[in-house]
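In: Fold the following, please.
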Amino acid sequence: MLALAVGTQFPDLVDKPLGWTLGVLPGGRSLAHSLVTLALVAAVAGYLGYRSRGRDASLAFVSGTLSHVLADGLYPVLEGRYVDLSYLLWPILPVPEADVGKSFLAHVAQLTLDSYVTFELALLVFATVLWWADGRPGLGTLWATGSRWVDRLVSHG
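Out: Predicted coordinates:
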């Protein structure tokens with residue numbers, strides 16, 4: 001479950017800081033949003049999963065990453081802006097030009113409550129209510145994992 005959660009955020013955890021904050025990448029959707037990179041990540045994750053007998057975690061991570069990358073292409077496909085999908089083949093194709101400056105604040109400042117953002121917020125609220133009603137699955141695992149890490153840090157410190 002944790003591998004899936006990390007996998008769904010992995011592309012943004014790599015591309016947004018490196019593209020928007022440090023300026024090392026050409027944008028917020030390039031290296032980790034590329035299917036070229038995803039093929040390499042899947043191969044490494046598969047190998048590590050095989051070696052450590054953690055195949056389920058590897059598959060969950062790769063599935064989460066793939067779902068994120070494909071979901072980012074949903075709005076361009078719905079709007080017929082297929083050129084905006086070029087990030088899927090970066091660095092073979094250039095990434096789409098951003099309409100916003102390269103910073104987190106610039107991207108947050110340009111948010112408006114249009115139909116897309118409203119839909120996404122409603123979906124977030126709905127999913128949160130379902131998760132809460134289902135007993136907040138995964139929270140105990142996350143707490144236990146964090147506790148183990150803290151214990152290790154304290155015992156080695």
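In: could you point out where this structure is predicted with low confidence?
Out: For the chain, applying pLDDT under 70 flags the ranges 98-104, 107, 157.
In: Let's see that with 50 instead.
Out: Along the chain, the model assigns pLDDT under 50 to no residue.
In: Need the nearest residue in space to Ser34, chain neighbours excluded.
Out: Excluding its sequence neighbours, the residue lying closest to Ser34 (C-beta to C-beta, 6 or more residues apart in numbering) is Trp90, at 4.4 Å. Every C-beta, even on glycine, is put in place using the N, C-alpha and C of the backbone.
In: Could you check which helix or strand contains the residue nearest the centre of the chain?
Out: By C-alpha atoms, centre = their mean, the mean C-alpha position of the chain lies nearest to Gln9, the distance being 2.5 Å. Using DSSP states H and E, Gln9 maps to helix 2-16.
In: got it, and Ala43?
Out: According to DSSP H and E, Ala43 maps onto helix 35-52.
In: what's the answer for Gly135, then?
Out: Here Gly135 sits in a region with no helix or strand, counting by DSSP H and E.
In: Now do the contacts for it.
Out: Contacts for Gly135 (C-beta atoms under 8 Å, 6 or more residues apart in numbering) come out as none.
In: Next up, phi/psi of it, please.
Out: Note on Gly135: backbone dihedrals following degrees, to the nearest 10 are phi 90, psi 20.
In: residue ranges for the helices of this protein, please.
Out: Using DSSP state H, the helices found in the chain span residues 2-16, 35-52, 55-72, 74-78, 104-109, 115-133, 139-156.
In: Can you lay out those helices as JSON lines showing distance to Glu97?
Out: Listed next are these as JSON lines, based on distance: least, C-beta to C-beta, whole Å:
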{"stretch": "helix 2-16", "distance to Glu97": "15"}
{"stretch": "helix 35-52", "distance to Glu97": "20"}
{"stretch": "helix 55-72", "distance to Glu97": "16"}
{"stretch": "helix 74-78", "distance to Glu97": "13"}
{"stretch": "helix 104-109", "distance to Glu97": "14"}
{"stretch": "helix 115-133", "distance to Glu97": "20"}
{"stretch": "helix 139-156", "distance to Glu97": "38"}
